[in-house]
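Trainee: generate a structure from the sequence data that follows.
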Amino acid sequence: MRTEVAVVVGIYFSILIGWGLINFIKNLNKGNSLQESQYVGTRNFGVGHLLATLVAAWASNYTLLAAAESGFRNGISGPIWYAIGVAVPVIFFVWPVNIVSKIRESMPNGVTIVEYVGKRYDEKSRLASLVIVLISNILYIISVVMAIGIVLSSLLNIDTATATIIGGIVLVLYTALGGFEAMVWSHVYQLVLAGLSVIVALILTIQNVGFTDFVSRLPQEKLNMLAWGPLNMVDFFLVLTALTIASPVIWQRIFSARDSKSAERAIWWFGPTWAPFAVGSGIMGMAAFMLMPSIDPSQAATRLVMDLFPTWAAVLFLLGGMALVFSSGDATVNNVASIVQFDIINKYVKKPLTSKQNLFLSFGLQIFLGVIGIVGALKFTSILGLLVINSAVNIALILPLYLGLVWKGATSNGAFWSMLLSIGIGGFMILNQSGPLANLLSLLISVVVIVGVSYMAKNQEAGLSERGGKTSA
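Mentor: Next up is the predicted model:
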């Protein structure tokens, strides 16, 4: 173990847990009886806080690690298409249709994405969406805890299992203690740390390679803008669009906004604010390919900083990566806890809970989800595999959510069968390793079923109405 690095990491972890504990005591003394306060705060967040929590939560274990891997594997096309694939789908919340305002109009006091499905459609559609969201996001929690273990293992030079347990415990403790408002404030500070780490890492990367030689030393194939491959790029964009539109974390932030305008502006600024993280990490991946071409591509960022950077810079970069991973982890744990409390427990427990009962229930749920994340992370071996399944599962939700907001003709039966058949057939193909074809077919099934069943219902109603009119005549 690197003792001096362990001290720095220990201070960082202590600050996170201390911040959570301060807010837990504050919430305990405040006596706020609203269940929703632990999950959307006071619904008064403006553009700055919303932007920070969106970027910090969405950057996740993708950005600093996966973007570097994409640069290592695919050269210049890696970070460019990676940044486009992640940033552009978020814009779909405000363009070409402003669904942010529609979300807030339909659910002014909403807390979870599952609540919306139940209100817009019916109980069977709500249950289908509940299963999809829970499967998807529990897998995501596991992948985040795995990423924490990988980064912490590189920082402290300890085995990954031990690092996973330590990092997972810290994540679940400060998340469960703090609540939503504390989490949003921590995202502001963690984003600053991550931004500083990328700036320093980029400067040192260019120094190691040589600014004037950077492009000239890249092989010609690494300068190909389409090196990622058109089918892979389309699949990546499709999967990320599904992950974005069906993201309960983004919906939760829309519910917590002061007003629609604040949420819209934060989403417009998301791309320009987040993209430099991916592009910077992609450049590091390209540099790692030049300097260490034989390494595992998934270790492009960590090996580059640990082998070639001064210790302080390597620690700063990995702490920045840890900050982003923690931010996506705490957001997902908090969000899934809100879904369990509002969409499962509240359906069976009709008696209102006291403020202390609400607080401790939220705390217990998040601890429970964190334990699942730690145990799962110790069992699984591939973050990429988990993320592929996590994203693909969400494809079943895109059309029911989007059409539910923009098309009055979308019916409950159409939404239910769309979700069921899409996840059933698409999931089977994913398990059989059908690759991009599985995601494309899953989306196609979803489109055909929800539109087809909805139009059939509309025509059936029109026929019944017409027969009723003739009878009365």
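Trainee: show me what whatever helix or strand I339 lives in is packed up against.
Mentor: Assigned by DSSP states H and E, I339 belongs to helix 311-340. If you count contacts as 3 or more C-beta pairs under 8 Å, 6 or more residues apart in numbering; DSSP states H and E, helix 311-340 packs onto helix 3-30, helix 37-40, helix 47-61, helix 123-156, helix 160-209, helix 248-256, helix 300-308, helix 355-379. The way it works is simple: take the backbone N, C-alpha and C, and place the C-beta from them, glycine included.
Trainee: and it with helix 300-308, angle?
Mentor: Following axes from the mean of the first three to the mean of the last three C-alpha atoms, to 10 degrees, one obtains 150 degrees for the angle between helix 311-340 and helix 300-308.
Trainee: starting at the chain centroid, how far to helix 311-340?
Mentor: Averaged C-alpha coordinates place helix 311-340 at 11 Å from its chain's average position (C-alpha atoms, centre = their mean, to the nearest Å).
Trainee: now do the buried residues in it.
Mentor: For helix 311-340, the buried set under the neighbour-count rule, 16 or more other C-beta atoms under 10 Å, comprises 313-340.
Trainee: same deal with stretch 234-243?
Mentor: By neighbour count with 16+ other C-beta under 10 Å, stretch 234-243 contains the buried residues D235, F236, F237, L238, V239, L240, T241, A242, L243.
Trainee: isn't the first one up against N439?
Mentor: Yes - using C-beta atoms under 8 Å, D235 and N439 qualify as a contacting pair, with a distance of 5.7 Å.
Trainee: on that earlier part again, can I get the helices and strands packed on helix 311-340 in CSV including mean pLDDT?
Mentor: Supplementary listing: the helices and strands packed on helix 311-340 in CSV, determined by pLDDT from 0 to 100:
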stretch, mean pLDDT
helix 3-30, 90
helix 37-40, 90
helix 47-61, 86
helix 123-156, 89
helix 160-209, 91
helix 248-256, 95
helix 300-308, 86
helix 355-379, 91
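Trainee: mind putting those helices into a markdown table with mean neighbour count and distance to I344?
Mentor: Formatted as a markdown table, those follow (neighbours: other C-beta atoms under 10 Å; distance: least, C-beta to C-beta, whole Å):
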| stretch | mean neighbour count | distance to I344 |
| --- | --- | --- |
| helix 3-30 | 15 | 22 |
| helix 37-40 | 24 | 14 |
| helix 47-61 | 24 | 23 |
| helix 123-156 | 23 | 7 |
| helix 160-209 | 21 | 18 |
| helix 248-256 | 24 | 14 |
| helix 300-308 | 22 | 38 |
| helix 355-379 | 19 | 10 |
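Trainee: tabulate the ones you listed (TSV), appending distance to T273.
Mentor: Output for the helices and strands packed on helix 311-340, formatted as TSV (distance: least, C-beta to C-beta, whole Å):
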stretch	distance to T273
helix 3-30	23
helix 37-40	22
helix 47-61	5
helix 123-156	21
helix 160-209	9
helix 248-256	14
helix 300-308	20
helix 355-379	27
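Trainee: out of these, flag the one nearest N98.
Mentor: helix 248-256 (11.4 Å; C-beta to C-beta).
Trainee: quick check: domain ranges of this protein?
Mentor: Here the domain assignment for the chain is 3-389, 407-473, based on automatic domain parsing.
Trainee: can you list those domains in JSON lines and add distance to L397?
Mentor: Formatted as JSON lines, the entries for those read as follows, by distance: least, C-beta to C-beta, whole Å:
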{"stretch": "domain 3-389", "distance to L397": "4"}
{"stretch": "domain 407-473", "distance to L397": "7"}
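Trainee: about what we covered before: and of the helices and strands packed on helix 311-340, who's closest to W417?
Mentor: Checking those against W417 by C-beta to C-beta gives helix 123-156 as the closest, at 9.2 Å.
Trainee: now that closest one: how far from the chain's centre is it?
Mentor: Distance, stretch centre to chain centre, for helix 123-156: 9 Å (C-alpha atoms, centre = their mean).
Trainee: report the angle between the axes of it and helix 311-340?
Mentor: Using the same axes, to 10 degrees: helix 123-156 against helix 311-340 is 160 degrees.
Trainee: could I get the contacting residues of G46?
Mentor: Applying C-beta atoms under 8 Å, 6 or more residues apart in numbering, one finds that G46 lies in contact with A257, R258, S262.
Trainee: by neighbour count, which of those wins?
Mentor: Greatest neighbour count in the contacts of G46, by other C-beta atoms under 10 Å, goes to A257: 25 neighbours.
Trainee: that one - nearest residue in space that isn't next to it in sequence?
Mentor: If you skip the residues right next to it in sequence, A257 has A263 as its closest partner in space, 3.9 Å away by C-beta to C-beta, 6 or more residues apart in numbering.
Trainee: thought that neighbour was touching I254?
Mentor: Yes - the pair A263 / I254 is scored as a contact, 4.9 Å apart, by C-beta under 8 Å.
Trainee: tell me where the stretch 251-400 of the chain is predicted with low confidence.
Mentor: Low-confidence segments of the stretch 251-400 of the chain, defined by pLDDT under 70, span residues 382-388, 390-391.
Trainee: go through the helix or strand A275 falls within and flag the buried ones.
Mentor: For A275, the enclosing helix or strand under DSSP H and E is helix 260-291. Along helix 260-291, the positions that meet the burial threshold by neighbour count (16+ other C-beta under 10 Å) are 260, 262-271, 273-275, 277-291.
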